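[1] Need the 3D shape of this:
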Amino acid sequence: MRESAIPAHLATTRTRPARREPGWSPPYPSYVARFAPAVTSVAIVCFGVQHRTASEPADVRAALAELAEASADPDGPGRLDRAAYVDEAGYRTVLGLGYWDDPGRYDRWFARFRPRWLGERRSGGDTGFFVEALRPSVSRFETLLSNDRREGVACLADGLSGEIAEHGYWGGARDRLPVAQTDPLEPGAPPTLVRDGGLRVVRGQHNLCLIRSGQDWTDTDGDERRRYLDEVEPVLRAGMDFLRDEGQAVGCYANRYARLLGEDGEPVDKTFGMSWWRSLGHLDRWARDHPTHQAIFGQAMRYLSALGAGARLRLHHEVVVAAAAEQRFEYLGCHPRTGLLRGVGSAR
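    Residues are numbered from 1 along each chain as shown. The predicted model follows:
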């Protein structure tokens, strides 16, 4: 018997129609993270540092070391991922993705750490620093995992569900979001920019949508590994590049396709796309209708159909639809196409 993705304590009488057809049976198992009822909100925070040089400058290495050191504080993140990518302007960027299951701990921690990451000593150089922070209530995010290996915000959960019913069809993410039981999640007014000296602050947009969607091919070998790297990953990369370079035409403010890094700073066999959307509806339409996502989905289905239950590729995602008051974006010395800076005045 499959479970509902929405936990009992967040279930309510649905006034918005579900996308799932009656009698739908998912073609493969998937699971969601289960948080304790005492967890009412989380903090998901992206710390970024960008530079144009081929090698990592000393100030970048020092900043990342400070982030790692500060994260060991009792109020530090329950999970910190490090990843790297090259953005649309050719800037090499390293991310620290921090997760807290108590935003109060994040507030205390960040009050102490903020001057080190965004303070005056960071301004005036060739390196850009940014913080993109969400503090969504548990009704405003959902997770999906193909297996029991947790990633991202799911690492903070008490555990995982059994097999769930709401997946494997277009619109499944909306059906898994507790808030979407009663809210159409239409977007608010576009983000706006406020300048504070050298710091640029983007004021958020109601129902802004974030998705982090990851791939883990660590356990693959032989023909499966070849199939993923030669057949699936290039199609995925092409879709990620489209969103990075042309995504604003379909409602994507910004997209990053990043490779996760190990504790030694070297790449591991995990990637993720991380994109900011004008709304969940825009994300839905791209996923359902756009040729780039149709190609990704089609190639992934061919891969999974060929390998069946023995496939070792692991997939996961997290989707957040945040209220405006749950968002804050700060950029210091960053180029104007960084993150949500691209979203200012560009909503469609």
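
[2] Now do the contacts for Ala295.
    If a contact means CB atoms under 8 Å, 6 or more residues apart in numbering, then Ala295 has 235, 238-239 as its contacts. C-beta coordinates here come from the backbone N, C-alpha and C atoms, glycine included.

[3] For this protein, which segments are assigned as strands?
    Using DSSP state E, the strands of the chain run over 33-34, 43-51, 79-86, 92-100, 128-134, 141-145, 159-160, 192-196, 199-203, 208-216, 252-261, 267-277, 314-322, 327-332.

[4] if we can go back for a sec, tell me the most packed of the contacts of Ala295, by neighbour count.
    Gly239 (24 neighbours; other CB atoms under 10 Å).

[5] Could I get the pLDDT score of the residue lying closest to that one once chain neighbours are set aside?
    Of all residues not flanking Gly239 in the chain, Thr292 sits nearest, at 4.0 Å (CB to CB, 6 or more residues apart in numbering). Looking at Thr292, its pLDDT stands at 97.

[6] Any figure for the gap between Thr292 and Met301?
    Distance, Thr292 to Met301, using CB to CB, to the nearest Å: 15 Å.

[7] Quick one: residues contacting the residue positioned nearest the centre of the chain.
    What sits nearest the mean C-alpha location of the chain, by CA atoms, centre = their mean, is Arg212, with 2.5 Å. Counting by CB under 8 Å, 6+ apart, Arg212 touches 97, 152, 272-274, 317-318.

[8] okay, these in CSV with pLDDT next?
    Below are those laid out as CSV (pLDDT from 0 to 100):
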residue, pLDDT
Leu97, 98
Gly152, 97
Phe272, 98
Gly273, 98
Met274, 98
His317, 96
Glu318, 98
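
[9] hey, least reliable of the strands of the chain by pLDDT?
    strand 192-196 has the lowest average pLDDT among the strands of the chain, namely a mean of 92.

[10] send the alpha carbons of it over as PDB?
    What follows is strand 192-196, C-alpha atoms only, in PDB (Å, rounded to 0.1, in the frame of the first residue of the first chain):
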ATOM      1  CA  THR A 192      13.400  44.300  -6.900                       C
ATOM      2  CA  LEU A 193      16.900  45.600  -6.300                       C
ATOM      3  CA  VAL A 194      18.100  47.700  -3.400                       C
ATOM      4  CA  ARG A 195      21.700  49.000  -3.200                       C
ATOM      5  CA  ASP A 196      23.500  49.300   0.100                       C
END
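
[11] now for it, which elements pack on it?
    strand 199-203 (3 or more CB pairs under 8 Å, 6 or more residues apart in numbering; DSSP states H and E).

[12] and the strand it packs on, which residues are buried?
    For strand 199-203, a neighbour-count test (16 or more other CB atoms under 10 Å) marks 199-200, 202-203 as buried.

[13] now stretch 181-188
    Neighbour-count burial for stretch 181-188 [16+ other CB under 10 Å]: 181, 185, 187.

[14] Over to stretch 152-168?
    Using 16+ other CB under 10 Å as the test for burial, stretch 152-168 gives 152-157, 160-161, 164-167.

[15] same thing with stretch 4-11?
    Buried residues in stretch 4-11 (16+ other CB under 10 Å): 5-7, 10.

[16] any idea of the mean pLDDT for it?
    Here the average pLDDT along stretch 4-11 is 97.

[17] Give me the contacts around that stretch.
    Contacts of stretch 4-11 (CB under 8 Å, 6+ apart): 32, 34-35, 37, 138-139, 142, 161, 164-167, 175-176, 178, 181.

[18] 6 Å instead, please
    Stretch 4-11 has contacts (CB atoms under 6 Å, 6 or more residues apart in numbering) with 32, 37, 139, 164, 166, 176, 178.

[19] Mind putting those into CSV with pLDDT and distance to Thr192?
    CSV is the format used below for the contacts of stretch 4-11 (pLDDT from 0 to 100; distance: CB to CB, whole Å):
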residue, pLDDT, distance to Thr192
Val32, 98, 34
Pro37, 97, 36
Ser139, 98, 26
Ile164, 97, 38
Glu166, 97, 35
Arg176, 98, 30
Pro178, 98, 28
